[in-house]
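Visitor: sequence first, then the predicted structure:
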Amino acid sequence: MKTRDTARAFLLAATGEARPEWRTAFTTDGTAEPTGIAPVCPDEDHDPDDGSVYPCCPNPAIECLSPEIAAHLAELLNADRGAK
Ligand SMILES: [Zn+2]
């Protein structure tokens, strides 16, 4: 099985979606910019402009240690949603 397929199986179990949309997220407290990524939160009470991670948010929230890398990874993962 390809790594993409195994990751999608994990995401389906973890988030209920095999191909969730990703966002940059504040995975470390006190940073000026979001340094991690997480699936977009489906909770209606979670403002899409709020990059924080709360108990309502699906896992995995992944720390990337860099706002530049976080933004790039979110872009790559979102572009990959359409791949087979
Ligand atoms: Zn949330």
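Guide: Great, that's in hand. Numbers count the residues shown, from 1 in each chain.
Visitor: what about Lys2, distance to the ion?
Guide: 30 Å (CB to the ion, to the nearest Å). Glycine gets a C-beta too; all of them are placed from N, C-alpha and C.
Visitor: what of Ser52?
Guide: 8 Å.
Visitor: tell me which residues touch that residue, please.
Guide: Ala25, Phe26 (CB atoms under 8 Å, 6 or more residues apart in numbering).
Visitor: quick one, phi psi at it?
Guide: Ser52 adopts backbone torsions of phi -70, psi 160, taken as degrees, to the nearest 10.
Visitor: in this structure, which spans are helices?
Guide: 3-15, 67-80 (DSSP state H).
Visitor: mean pLDDT per helix and strand in this structure: which one sits at the bottom?
Guide: One helix or strand of the chain scores below all others by mean pLDDT, DSSP states H and E: helix 3-15, with a mean of 95.
Visitor: ok so, going back, any idea which of the helices of the chain is most buried?
Guide: Ranked by average neighbour count under the criterion mean count of other CB atoms under 10 Å, the helices of the chain are headed by helix 67-80 at a mean of 16.
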